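Trainee: The following comprises the amino acid sequence and a computationally predicted model.
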Amino acid sequence: MKKWGFALIICLGLIFVNMKPFAEPKVEIQYDDYKHDKEDSWATEEIQKEIKVEQIYQGNLLLVNSEYPVHQESIQSDIVNLSANSDLTKGYVLLGSDIYLSEEIARKFQEMIASAGKEGLQYFAITSGFRDFNEQSALFQSMGSDYALPPGYSEHNLGLSLDVGSTQMRMADAPEGKWIEENAWKYGFILRYPKDKVGITGIQYEPWHIRYVGFPHSAIMKEKNLVLEEYVEYLKKEENISAVVDGERYEISYYPITENTSIPVPADHYYEISGNNVDGVIVTVFS
């Protein structure tokens, strides 16, 4: 064997050895007093961030159900008509002439669909996206409470959720549906109403309804088999967790908010703040 051929085999072997499997999230959770004890934290410099009460109702981790409705300030500010933006609809089709969604979420969804396409899945469709309160009201009146939620109580009123279908068959049976259920977490999406959580969500199994919550939250929820109701409660109970997801570390802290106040955030690391639509905000610090 020529030397260059032998070297090529060695290089390829090293590549395959070092490839990280991404079929399921590798999540390690540590529970610590992150907000008060910084000795074990890499985010050591803090500043005070002003938090207003209305921030409880803004962000990607808002819990919306029969108990916690959508507030006007919860609606995403970058809602666009996907039908009028062909650059946002590559890799899938729209089953409707006027389907709206947050532009940011549409781009993240398109990224996810592009990855699915590389695995041979090519029959994705969006059947519904953002609905304003008037559209939700009309849907509720025409379909009734068995098939629709009243205005303000549907995740579709946020701009963070969408219904995804297959142009070939029912989503429950389609390869596209199975791919979404297994892989959506990698892109910050969750299957909002899974089959085994009907007693918690109060909504029947919907293999087509996905919701953006962001990463690493989607990975933690996938690994711990939590729906959003459970995850919000889990963060409230623990208050502070340090999560290592596929080698990357995140600090996640819950802060109850009853009035305008200030909370500590890192001065030297990127972070995101989201309300939970219940009683507080969640700070996620990225390594």
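Mentor: Sure thing, it's come through.
Trainee: show me where the stretch 51-200 of the chain has helices.
Mentor: 103-118, 133-143, 175-183, 198-201 (DSSP state H, counting those that start in this stretch).
Trainee: Check which helices and strands the shortest one sits against.
Mentor: The one in question is helix 198-201. Helices and strands touching helix 198-201, by 3 or more C-beta pairs under 8 Å, 6 or more residues apart in numbering; DSSP states H and E, are helix 228-238. In this view, the C-beta of every residue, glycine as well, is placed from N, C-alpha and C.
Trainee: Give me the residues contacting the helix it packs on.
Mentor: Helix 228-238 has contacts (C-beta atoms under 8 Å, 6 or more residues apart in numbering) with 31, 61, 63, 65, 190, 192, 197, 200-201, 211, 213, 217, 220-221, 224, 226, 241, 252, 254, 256, 276, 278-280, 282.
Trainee: Put the buried members of these into a ChimeraX selection.
Mentor: This is the ChimeraX syntax for the buried subset of the contacts of helix 228-238, where burial follows 16 or more other C-beta atoms under 10 Å:
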select :61,63,65,190,192,197,200,201,211,213,217,220,221,226,241,252,254,276,278,280,282
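Trainee: Out of the helices of the stretch 51-200 of the chain, which gets nearest to residue 269?
Mentor: Among these, helix 103-118 comes nearest to residue 269, with 21.6 Å by C-beta to C-beta.
Trainee: Mean confidence (pLDDT) on the closest one, please.
Mentor: The pLDDT scores in helix 103-118 average 97.
Trainee: One more: stretch 61-77?
Mentor: Computed over stretch 61-77, the average pLDDT equals 97.
Trainee: Now do the strands in the stretch 51-200 of the chain.
Mentor: For the stretch 51-200 of the chain, the strands defined by DSSP state E, counting those that start in this stretch cover 79-81, 93-94, 100-102, 124-128, 161-166, 189-193.
Trainee: And residue 46, how far from residue 269?
Mentor: From residue 46 across to residue 269, the span is 10 Å (C-beta to C-beta, to the nearest Å).
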